[in-house]
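[1] show me the folded form of this:
(one chain, ligands or ions: 1)
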Amino acid sequence: MKKKLLPLTLALLGCLALPASGDILIPNGDFSLGGTGWVANSGLGEQPPVTFATDGNLGGYGTVTPNGGWGILVSPTAAGATGAGYDLASLGLTAGGPVTFRWDSIHLGVGNTGPSAGPVGGMKVEAWADNVIVDNTGDQYDTLVGTGATWETYTYDWTIPTNAQKLIFVPLWAPSANTATVGFDNVGVVPEPSTYALLALGAAGLGAHLVRRRRR
Ligand SMILES: [Ca+2]
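    Numbers count the residues shown, from 1 in each chain. Reported below is the predicted structural model:
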């Protein structure tokens, strides 16, 4: 019986050694379910074409195409409605704590060359409590990687308001200087290092405990 514990422990340790893929995505943040949970919106009464591809970056992605105004995606769909937003706990977050939002983005312009400079699609995240918005990140555009013509991961660090309960995610089309369709994928958060540290400590403690048991 005890001899079976070591492989089990090693397997457990392997699971807890979270890779980058340990990022926590919002529901359908990878667009694997098409447009489920997402809604498109725009200003000036315009409706940007928004399509959800069935191929490309890891099995589908969302796109926003400018149409003389601005364009956004919103998740969850019922933004601003009763109960809207994803609970902080469901994303491994706590009110008042730090958070790193992450999303993959790309310019899908003619020839897929992207702009010569400038940001790709950005992100805005809203904090809600009791069905009222309490704060938001503003429009955030991370530093462009290359020409923007390749899928890259972009991030934004924020401190969650102490009175926040839920978050609504709003991928943004690029500023007006850019004209390419923007693609989005893998929208979510990066787990805090403290989370990794606690998991590692717990795993180390469990491993030590089992090793001691074996030596008895
Ligand atoms: Ca995807």
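
[2] and P171, how many neighbours does it have?
    Number of residues near P171 (other Cβ atoms under 10 Å) recorded here: 26. (C-beta placed from N, C-alpha, C; glycine too.)

[3] ok, which stretches of the protein are helices?
    5-16, 193-215 (DSSP state H).

[4] show me what V182 is bridged to.
    Beta-bridge pairing of V182 under DSSP bridges involves V64, H107.

[5] okay, now it: neighbour count?
    Around V182 there are 28 residues (other Cβ under 10 Å).

[6] just to revisit the earlier point, where among the helices of the chain is the average confidence lowest?
    With a mean of 44, helix 5-16 has the lowest mean pLDDT of the helices of the chain.

[7] pLDDT weak spots in this protein?
    Scanning the chain for pLDDT under 70 picks out the ranges 1-21, 42-58, 66-69, 77-83, 109-119, 174-180, 194-216.

[8] show me where it has strands.
    For the chain, the strands defined by DSSP state E occupy 24-25, 39-42, 62-64, 71-74, 86-87, 98-107, 122-129, 132-136, 152-159, 166-172, 182-190.

[9] so which of these is the most surrounded?
    Of the strands of the chain, the one with the most neighbours on average (mean count of other Cβ atoms under 10 Å) is strand 62-64, at a mean of 25.

[10] so, in contact with the ion or not, that one?
    No: applying Cβ under 5 Å from the ion, one finds strand 62-64 separated from the ion by no less than 8.6 Å.

[11] who touches the residue lying closest to P76 once chain neighbours are set aside in this structure?
    Setting aside the residues directly before and after it, P76 is nearest to G37 in space (Cβ to Cβ, 6 or more residues apart in numbering), at 5.5 Å. By Cβ atoms under 8 Å, 6 or more residues apart in numbering, the contact list for G37 reads I26, P27, N28, S75, P76, T77.

[12] filter those residues to the buried ones?
    Among these, those classed as buried by 16 or more other Cβ atoms under 10 Å are I26, P27, N28, S75, P76.

[13] coming back round to it: and the furthest pair within the contacts of G37?
    Greatest spatial distance among the contacts of G37 (Cβ to Cβ): I26 and T77, at 11.8 Å.

[14] I'd like the contacts of G37 laid out as CSV, including distance to T162.
    Rendered in CSV, the data for those read as follows (distance: Cβ to Cβ, whole Å):
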residue, distance to T162
I26, 22
P27, 25
N28, 29
S75, 24
P76, 23
T77, 27
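
[15] from those residues, pick the one nearest the ion.
    Nearest to the ion among the contacts of G37: N28, at 9.3 Å, using Cβ to the ion.

[16] next one: the closest one from T153, what distance?
    Going from N28 to T153 by Cβ to Cβ, to the nearest Å gives 18 Å.
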